[in-house]
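>>> dropping the sequence and predicted coords here.
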Amino acid sequence: MTHHAQQVVWSQALIDKYNINGPRYTSYPTALALQSNFPLSTMTRTLQNAPQALSLYIHLPFCHKLCYYCGCNKVITRHQHKADIYLDYLAKEMAMYRPLLGNRRFESVHMGGGTPTFLTEVQLSRLFDLLHENFHFTDDAEWSIEIDPRSCSDDKLRHVRKLGFNRVSYGVQDFDSKVQIAINRVQDTDLIKHQVALSRELGFRSINLDLIYGLPYQRPETFAASIEQVIALNPDRVSLFSYAHLPSRFAGQRKIDESSLPSAPIKLELLQLGITRFTAAGYQFIGMDHFAKTDDALAQAQQQGNLQRNFQGYTTHGQDALLGIGASSISQIDGVLWQNNKELPTYYRLIDEGQLPIIKGFELSADDRLRAALISQVICHFHLDFEEFAKTWGMDDFWTYFAAARRKLTPFIEDGLVEITEHQLRVTALGRLWVRSICACFDAYLDDAATAPRYSKVV
């Protein structure tokens, strides 16, 4: 199937009606379902029965400077030695997992944050050594790292490559200087161009660039210029994330002037620009927020029907086999989720007391598991074969089980966002923008009010 050939279509009336705040479904249930009375015995049992091949996520929370838009768990500091202390504790946490993992191997490693390149070359080497002391990796493992161009010198980039990293992701967000000033992330365009060129020269297997739409002062004409600059850099993948303005949850966002944010119609125009320009430049629109060159592993996984989704977004593996290390990291293995404490003092204290710093978790029920599989299928591939699904999950009749979802889908079907035939559900080209809202119809944790289309007020 050539998904990338489909044109995504727009309509203001539908935007007003369906622009509800749905989860991003990096997991189902979402991380909000995690509970604090999670028994650690559930986690140890899960690891004992875990698959032989796993994925690893390492959270490095430090940043030199606050980017106002950021909703990640982070610590802003100029003190480099804080990272040394953190590495001491990562070492202890890894050592606690080591006996539980046995000979299992990691086939992908992702370092995120914060800013992984906050670490010095010496600290990065130490982290790499700690990983190899505690864990086993496959020979062809994917080693991926998020890079802030402002904290990564040429020497550091060479060092990262020499350590064995083979994928890099650069946070660009926007090339426009007015936008950069408003979000407190000013970075020189030439610096990014230079680093992307050097990454290519050093032989990184894949280069990803992140953009965010919905930031202050973004306008279609300025954002189009940013998109063209990204296309000129020719990355293998592009992430195009929607900015969620939640100042009550993220203090840094209070520094953003709300009147400078683009309105909902303009914001969707920015997304439309991204989809139109990137697909015209030969990228496949992977789903909600990703683009990849058609020969990239991510695009091929979607073409072959193997694409998955986890806490890092769309992925080629590790959907239900992800171990997270470090403050705030979330693990998801065989239908069990658990999360580490977000606050460093508590994270350190728990480890000092000789226990894993897990603060909450959740074990999926049989119903959760099948809904998770369904949502993952729809959000990755935009279609679902009922008979096949019912057979796989041992259901007598698909629509008897999902009667409530069928009711919630009615307006989506009437508006041409979803087509249902005798054998399958298909999200139309028009419906792809609302795939989160469509998936929410199958979410047992959202009440009817949360998933109901929001009709505009009459007066």
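Arrived safely, thanks for sending.

>>> for stretch 321-328, which outside residues touch it?
Stretch 321-328 is touched from outside by 50-51, 53-61, 73, 86, 90, 93-94, 97, 101, 106, 310-311, 330-334, 339-344, 347, 357, with contacts defined as CB atoms under 8 Å, 6 or more residues apart in numbering. Yep, even glycine has a C-beta here, placed from its N, CA and C like the rest.

>>> distance from whatever helix or strand R436 lives in to the middle of the chain?
Element membership for R436 (DSSP states H and E) is helix 435-440. Distance of helix 435-440 from the chain centroid (CA atoms, centre = their mean, to the nearest Å) equals 16 Å.

>>> and stretch 87-106, by the same measure?
Centroid separation for stretch 87-106 versus its chain: 24 Å, with CA atoms, centre = their mean.

>>> hmm, who's touching that stretch?
With CB under 8 Å, 6+ apart as the test, stretch 87-106 has contacts from 44, 47-48, 50-56, 58, 123, 126-127, 130-131, 133-138, 141, 323, 325-326, 347-348, 351, 355-357.

>>> okay, buried residues for it please.
87, 89-94, 97, 100-101, 104, 106 (16 or more other CB atoms under 10 Å).

>>> please apply the same query to stretch 14-33.
Neighbour-count burial for stretch 14-33, counted by 16+ other CB under 10 Å, picks out 14-15, 17-19, 22-30.

>>> quick one: low-confidence parts of the stretch 251-400 of the chain?
The stretch 251-400 of the chain contains residues with pLDDT under 70 at 310-319.

>>> ok, now with 80
Within the stretch 251-400 of the chain, the stretches with pLDDT under 80 are 287-288, 305-319.

>>> where exactly do the helices run in it?
Using DSSP state H, counting those that start in this stretch, the helices found in the stretch 251-400 of the chain span residues 264-280, 297-304, 344-352, 366-381, 386-392, 398-401.

>>> which one's the longest strand in the protein?
As assigned by DSSP state E, the longest strand anywhere in the chain is strand 136-147.

>>> quick one: the next helix-or-strand element following that strand to strand 136-147, angle?
Note on strand 136-147: by DSSP H and E, the next helix or strand toward the C-terminus is helix 154-163. Angle, helix 154-163 to strand 136-147, by axes from the mean of the first three to the mean of the last three CA atoms, to 10 degrees: 160 degrees.

>>> need the contact partners of helix 154-163.
117, 120-121, 124-125, 128, 143, 145, 147, 152, 168, 195, 198-199, 202-204.

>>> rounded mean pLDDT for it, please.
Here helix 154-163 scores 97 as its mean pLDDT.

>>> ok, back up a step: in the longest strand of the chain, what's buried?
Along strand 136-147, these residues count as buried under the neighbour rule (16+ other CB under 10 Å): 137, 141-147.

>>> hmm, who's touching it?
Identification of contacts with strand 136-147 by CB under 8 Å, 6+ apart yields 53, 101, 103-113, 115-117, 131, 157, 160, 163-171, 195, 205-206.
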